[in-house]
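Enquirer: next input, structure requested:
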Amino acid sequence: MPDVTSVVSGLVPGAPHLSLPFATLLLIHIPAGLTSVVTGAVAAVSKKRRGRHPRFGTIYYWALAVVFVSATGLAVLRWTEDRHLFVLGTISFGVATLGYLARKVRWTGWTSFHILGMSLSYIVLLTAFYVDNGPHLPVWDRLPAIAYWTLPSLVGLPLVIRAVRRHTHLADDLAAALKQAREGPARRAVG
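Expert: As a prediction, this is how the structure comes out:
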């Protein structure tokens, strides 16, 4: 029976000699990443109401949490090669947390923060995937390195702008959130 490192090495092009900790983390990271990609897409295309959208959005968020934790471990084990992936993972999970909390807490202007946080996290997740895996994918392997860094944004940002225009009042939401932040918790409790 093959060991974990042999199995994972067969899945990861260009990495024939993996340590057991690295291979184990990849066995967690890869399915969590696939879950994030699929559930994020389903949440994005679902109608924005109770049911499918929040259910898949919640699965996306928690799968992304696993991706972030496992990516952090992978980066620690190969810091020189993977530190940029740690930075991308931190950004992705950070803005996803902003979007997730905006929906849970429902502060003033929460819809804008939710859409921006969750959408941008998905774009950064895909960017990290393509930066790391693009050179090993058919067709993608012929693209210049800058394409891996920019294509997810070039495709995703127009869709985010469309969603923000369709579902939010961004300027009003930002102004209200800034006003609320300036007033602080004491004033909010009095009103």
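
Enquirer: so where's the protein shaky on pLDDT?
Expert: Flagging of the chain using pLDDT under 70 yields the residue ranges 1-16, 185-191.

Enquirer: how about the strands in it?
Expert: Listed in chain order, the chain contains no strands at all (DSSP state E).

Enquirer: all helices of it, in order?
Expert: With DSSP state H as the definition, the chain shows helices at residue ranges 4-11, 20-45, 52-77, 79-105, 110-133, 145-167, 170-190.

Enquirer: so Ser19 makes contact with Leu77?
Expert: Yes. Under the contact definition of C-beta atoms under 8 Å, Ser19 touches Leu77, with a separation of 6.9 Å. Placement of C-beta: from N, CA and C, glycine included.

Enquirer: show me which of those two is the more surrounded one.
Expert: Each of Ser19 and Leu77 has its neighbours counted (other C-beta atoms under 10 Å); Leu77 has more, 14 against 11.

Enquirer: ok, now which ones touch the nearest residue to the more buried one once chain neighbours are set aside?
Expert: Counting by C-beta to C-beta, 6 or more residues apart in numbering, the nearest residue to Leu77 once its immediate chain neighbours are dropped is Phe22, at 5.0 Å. Shown in contact with Phe22 (C-beta atoms under 8 Å, 6 or more residues apart in numbering): 74, 77-78.
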